[in-house]
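Q: With the sequence up front, the predicted model follows.
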Amino acid sequence: MPYPREHRDQTRARIVRSARTLFNRRGFEGVKIDDIMAHAGLTRGGFYNYFETKGQLYAEAVTLSLAETPWARWDGVTVDFSAEDAAKQVIHAYLSQQHLDDVDGSCPMVALPSDVARSEQMVRLAFEKVFNSMAGLFEKTLEREGRPDRKRALAIASICVGAMVVARAMDSADLRDSIRDAAMRTALDLGGWQDGVNADGGRARSAKNGSRKAAQVRKRRNAPSR
């Protein structure tokens with residue numbers, strides 16, 4: 001008697017979560033299919049009922065971070081994607097101490113970049129999808145504030161990911177904290193989302209000011225031509 005679809009979906013999700021945890025701990029090459037299935041409480045024989053290759057599973061484990069963001073696991077850290085300051089919230093969450101400490105549930109862009117570069121196209125495309133999602137949030141925020149800038153959004157996302165990769169590699173707790181703090185200030189300044197001087201040398205604008213500017217831009221666009 002075949003298992004119902006709901007059971008299959010739950011089992012598949014359990015395998016993907018198990019894979020994400022072990023890949024984050026050991027990397028792609030350091031994890032065997034047997035390890036993943038045992039960690040999920042299953043036997044190796046069932047693996048191929050759900051996945052054709054370890055690479056396919058790896059790609060799904062990377063993509064999982066879009067559905068289950070890392071900060072969903074952390075006490076006291078939340079991100080409201082509908083808020084005006086969602087980009088600022090993401091930067092704070094991504095560069096937080098909780099993210100630094102949570103290796104098992106980490107964003108795959110922090111834990112797996114060197115593995116991804118050596119992996120098959122399916123894996124690289126999944127990694128790219130996650131990065132584009134993050135950069136896209138920053139880009140949409142800049143657009144809403146009346147200052148669209150794709151390159152700036154890409155730079156902010158790169159600062160966040162790169163800083164966490166480097167911080168994780170440091171032995172000194174003080175240096176790890178300094179790297180995160182420096183990256184957070186730089187990313188927020190580059191986006192114009194905190195008081196101080198932004199990357200253009202001007203005063204950084206608040207989200208409220210940015211929203212007012214965006215409203216003015218929309219009003220001009222909708223005004224009848226003369």
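A: Looks like it arrived, so ask away. This one's a predicted model, so the numbers in the text were calculated from it and none came from an experiment.
Q: So what's the residue count around residue 122?
A: By the criterion of other Cβ atoms under 10 Å, residue 122 has 15 neighbours. For the C-beta atoms, the positions are set from N, CA and C on the backbone; glycine is no exception.
Q: Surely it and residue 57 touch.
A: No. Using Cβ atoms under 8 Å, residue 122 is not in contact with residue 57, being 10.3 Å away.
Q: shared neighbours of these two, anything?
A: The overlap between the contact sets of residue 122 and residue 57 (Cβ atoms under 8 Å, 6 or more residues apart in numbering) is empty.
Q: Now tell me what touches stretch 35-46 from outside.
A: When contacts are defined by Cβ under 8 Å, 6+ apart, stretch 35-46 is touched by residues 11, 14, 15, 17, 18, 19, 21, 22, 33, 34, 47, 57.
Q: Output the residues you listed as JSON lines; include the columns secondary structure, distance to residue 105 and pLDDT.
A: Converted to JSON lines, the contacts of stretch 35-46 look like this (DSSP: H, G, I helix; E, B strand; the rest coil; distance: Cβ to Cβ, whole Å; pLDDT from 0 to 100):
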{"residue": "11", "secondary structure": "helix", "distance to residue 105": "20", "pLDDT": "94"}
{"residue": "14", "secondary structure": "helix", "distance to residue 105": "15", "pLDDT": "95"}
{"residue": "15", "secondary structure": "helix", "distance to residue 105": "16", "pLDDT": "96"}
{"residue": "17", "secondary structure": "helix", "distance to residue 105": "9", "pLDDT": "94"}
{"residue": "18", "secondary structure": "helix", "distance to residue 105": "12", "pLDDT": "95"}
{"residue": "19", "secondary structure": "helix", "distance to residue 105": "13", "pLDDT": "94"}
{"residue": "21", "secondary structure": "helix", "distance to residue 105": "7", "pLDDT": "93"}
{"residue": "22", "secondary structure": "helix", "distance to residue 105": "12", "pLDDT": "94"}
{"residue": "33", "secondary structure": "helix", "distance to residue 105": "21", "pLDDT": "96"}
{"residue": "34", "secondary structure": "helix", "distance to residue 105": "22", "pLDDT": "96"}
{"residue": "47", "secondary structure": "helix", "distance to residue 105": "22", "pLDDT": "95"}
{"residue": "57", "secondary structure": "helix", "distance to residue 105": "17", "pLDDT": "94"}
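Q: Drop anything exposed from the residues you listed.
A: Those of those that meet the buried threshold are 11, 14, 15, 17, 18, 19, 21, 22, 33, 47, 57, by 16 or more other Cβ atoms under 10 Å.
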